[in-house]
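A.B. asks: build me a structure from this.
(2 chains)
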Amino acid sequence: MTADASLQDPPALPPEFRPEGPLLHRNAAISEPAWVQRILISLALLFLLGFLLLPLISVFAEALRNGWVTYKDALFEPDAIAAIKLTLLVAALAVPLNLVFGIAAAWAITKFEFRGKSVLISLIDLPFSVSPVVAGVIYIMIFGRHGWAGPWLDENDIKIVFAVPGIVLATVFVTFPFVARELIPLMHEQGTDNEQAALTLGASGWKTFWHVTLPSIKWALLYGVLLCSARAMGEFGAVSVVSGHIRGQTNTMPLHVEILYNEYQFAGAFAVASILALFALITLALKSYLEWRHGDELAATRRH
Amino acid sequence: MTAATPSFQRARRARSVIPGFGLTMGFTLFYLSLIVLIPLAGVFFKSSQLGWDGFWHVVTHPRVLAALKLSFGAALIGALINAVFGTLVAWVFVRYRFFGKRFFDAVIDLPFALPTAVAGIALTALYSANGWVGQFLEPLGIKVAYTPLGVILACTFIGLPFVVRTVQPVLEEAEKELEEAAASLGANRLQTIVRVILPTILPAILTGFTLAFARAAGEYGSIIFIAGNMPMVSEIAPLLIIIKLEEFDYAGASAVAVAMLGLSLLLLLLINGLQIWSRRRHGQKT
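C.D. replies: Presented below is the predicted three-dimensional model:
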């Protein structure tokens, strides 16, 4: 019965005479009463507040619980500095690798027609569906002491697992699809007309890429690199399997957080965690900026 | 017809003036094989050394079964929670205007950006007995930290953005004329929502649900801190893999890994199927 009443509501007043309200569409036939809207908005925001903002705030609160001095000491301790350096180094190696791969894969997939294209795209997406721990385990099976290449690596004194190369490999695996995923839908939308025009006018392949393709994909590329770096610096599961947890040598920031936490040095753990949380906030800010400012130049379908 | 297609494609490729197919395709396949395909095949090969009986024996061990059940069960519940609240959040963001919308819209992606270990210790601090939230739940007899409930909580956290981000664009594109038509034909608002809007966004909800499920099932970092990791009770499958590795039981570790991979691949196929289904539905609509 109440529903019928709401149906009789709209014809009573033409839209232009209705007062300005919180309604986005003043046509009440396809909207909800203001009180329903308020309840739904409150519910949604409460959910986000409880699940997202509260954990974020608690990281900073716990980090500063024992005061500013303890916070600073935890960050400037040699092991923490080594962890920060290693994290940045790993990201600096893994991200460019996936950047080059992303561009090459997107070029091959979007500029040419070939069989099995959708299979290739699914394979590129595959690392997203693999548990991070499994991503670490696969490299142990190959490069570990009891792995396939283990004995040979031992003989030649090459360390991959429980050393930096293993951490880089695991990080490359978990961030594998990020850049390709941003570029493929966008370059597919853009087609090949511009490139063909440049080429018929006599530009070389490289020149065409630098002056025609790259400028039109630069924002999407940046977007992909941003997400890729955020994940590369924050990866925990995969890196934890291959790192060996050697303090000052193979500990990235997330692993350092774990070690401090398990030693009940909560203030230190949350101090390092707060730096990672800060990175995450910067990532979100840059990401939102790119979406608002250059939304048209990003792919229409953005899903991660 | 079928015979004509390949030759047509070959002709198109020959006519294409765009260079670099060999280089980019070669590099793509090389890099993909080196980083992803060969190492993954390695795990399958390692577990095959156990033989089918050995594999089955490892995977059906009560502790492994309990861990797999917890990982996939908690992920399922977390994804269900996200399907409901994610749809609500997407709806509120697309249809209503309120203060701080841009801020909250940006914050949605926090679980993607925040390292899982940080999320893990933050959730544990919040929900432990003397934490900000835990101290209110404890008197009610609800224990979240160090129980399976904590695992569900972490699964919900990391899967949160998936449903919102898949439903949002579909809802934005949904034609309001259909709702107006439904209303003018005498449907009340609830009927319009259930019969007109929900069918339009259902494929997106399902896709988001499956993505959140797949992500949470393999999750490790945000769960191990809050789970308490008691064998048979709150021990997740990825942790069991690590425990087996530390015991140098490589074959056992790879068997559990293969079981997880198999289940995840099943999910991936489901996602693809859902996307094809939704595309077909979408095609019929417009």
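A.B. asks: next up, the contacts around B:Phe248.
C.D. replies: A:His146 (Cβ atoms under 8 Å, 6 or more residues apart in numbering or on different chains). (Each C-beta comes from the backbone N, C-alpha and C, glycine too.)
A.B. asks: measure A:Leu260 to chain B for me?
C.D. replies: 9 Å (Cβ to the nearest Cβ, to the nearest Å).
A.B. asks: does that residue touch A:Pro254 like I think?
C.D. replies: No: counting by Cβ atoms under 8 Å, A:Leu260 sits too far from A:Pro254 to count as a contact (11.0 Å).
A.B. asks: number of nearby residues for residue 263?
C.D. replies: Went with chain A since none was named. Using other Cβ atoms under 10 Å in any protein chain shown, A:Glu263 has 10 other residues around it.
A.B. asks: sorry, should have said chain B
C.D. replies: 19.
A.B. asks: before we move on, what about the one 3 residues further on?
C.D. replies: A total of 11 residues lie near B:Leu266 under the criterion other Cβ under 10 Å.
A.B. asks: in terms of secondary structure, what does the helix or strand hosting it contact?
C.D. replies: Under the criterion of DSSP states H and E, B:Leu266 resides in helix B:250-285. On a contact count with 3 or more Cβ pairs under 8 Å, 6 or more residues apart in numbering or on different chains; DSSP states H and E, helix B:250-285 meets helix A:117-129, helix A:132-143, helix B:38-48, helix B:51-59, helix B:62-95, helix B:198-217, helix B:237-246.
A.B. asks: quick check, pLDDT for B:Arg281.
C.D. replies: Looking at B:Arg281, its pLDDT is 68.
A.B. asks: before we move on, what about B:Leu34?
C.D. replies: B:Leu34 is given a pLDDT of 93.
A.B. asks: do the same with the one 4 residues further on
C.D. replies: The score at B:Ile38 is 93. That number is its pLDDT.
A.B. asks: once you drop chain neighbours, what's closest to it?
C.D. replies: A:Ile142 (7.9 Å; Cβ to Cβ, 6 or more residues apart in numbering or on different chains).
A.B. asks: cool, B:Glu138 as well?
C.D. replies: In this structure, B:Glu138 finds its nearest non-sequential neighbour in B:Ala129, 5.1 Å apart by Cβ to Cβ, 6+ apart.
A.B. asks: on the three-state scheme, the one you found is what?
C.D. replies: coil (DSSP: H, G, I helix; E, B strand; the rest coil).
A.B. asks: burial measure for it, as a count.
C.D. replies: B:Ala129 has 12 nearby residues by other Cβ under 10 Å.
A.B. asks: I figured it was touching B:Ala145, is that so?
C.D. replies: Yes: the pair B:Ala129 / B:Ala145 is scored as a contact, 7.3 Å apart, by Cβ under 8 Å.
A.B. asks: distance of the residue nearest to B:Glu138 from chain A?
C.D. replies: From B:Ala129 to chain A the distance is 15 Å (Cβ to the nearest Cβ).
A.B. asks: and that residue, what are its phi and psi?
C.D. replies: Main-chain torsions, B:Ala129, degrees, to the nearest 10: phi -60, psi -30.
A.B. asks: for stretch A:233-245, how far is the first residue from the last?
C.D. replies: End-to-end distance of stretch A:233-245 (Cα to Cα, to the nearest Å): 16 Å.
A.B. asks: are that stretch and chain B in contact anywhere?
C.D. replies: Yes: against chain B, stretch A:233-245 shows contacts by Cβ under 8 Å from any Cβ of the partner chain at A:233-237, A:240-241.
A.B. asks: for stretch A:77-90, list the C-alpha coordinates in CSV.
C.D. replies: The C-alpha trace of stretch A:77-90 is given here as CSV (Å, rounded to 0.1, in the frame of the first residue of the first chain):
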residue,chain,number,x,y,z
GLU,A,77,67.3,1.4,13.3
PRO,A,78,69.8,-0.3,10.8
ASP,A,79,67.6,-3.3,10.1
ALA,A,80,64.6,-1.1,9.3
ILE,A,81,66.7,1.0,6.9
ALA,A,82,68.1,-2.1,5.2
ALA,A,83,64.5,-3.3,4.8
ILE,A,84,63.4,0.0,3.3
LYS,A,85,66.3,0.0,0.9
LEU,A,86,65.7,-3.6,-0.2
THR,A,87,62.0,-2.9,-0.8
LEU,A,88,62.8,0.0,-3.0
LEU,A,89,65.5,-1.9,-4.8
VAL,A,90,63.1,-4.9,-5.5
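A.B. asks: buried ones in that stretch?
C.D. replies: A:77, A:79-80, A:82-84, A:86-87, A:90 (16 or more other Cβ atoms under 10 Å in any protein chain shown).
A.B. asks: what are the contacting residues of that stretch?
C.D. replies: A:74-75, A:164, A:167-168, A:171, A:232-233, A:239, A:247-256, A:268, A:271-272, A:275.
A.B. asks: just these: which are in helices?
C.D. replies: A:74-75, A:164, A:167-168, A:171, A:232-233, A:239, A:253-256, A:268, A:271-272, A:275 (DSSP state H).
A.B. asks: okay, now the domains of the chain?
C.D. replies: In the absence of a named chain, chain A is used. A:2-54, A:67-297 (automatic domain parsing).
A.B. asks: my question was about chain B, not that one.
C.D. replies: According to automatic domain parsing, the ranges for chain B are B:18-48, B:51-285.
A.B. asks: can you put those domains in TSV and add distance to A:Arg38?
C.D. replies: Output for the domains of chain B, formatted as TSV (distance: least, Cβ to Cβ, whole Å):
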stretch	distance to A:Arg38
domain B:18-48	48
domain B:51-285	9
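A.B. asks: tell me the most buried of these?
C.D. replies: Mean neighbours per residue, mean count of other Cβ atoms under 10 Å in any protein chain shown, is largest over the domains of chain B for domain B:51-285, with a mean of 20.
A.B. asks: which residues of chain A score low on pLDDT?
C.D. replies: Counting by pLDDT under 70, chain A shows low-confidence ranges at A:1-29, A:299-304.
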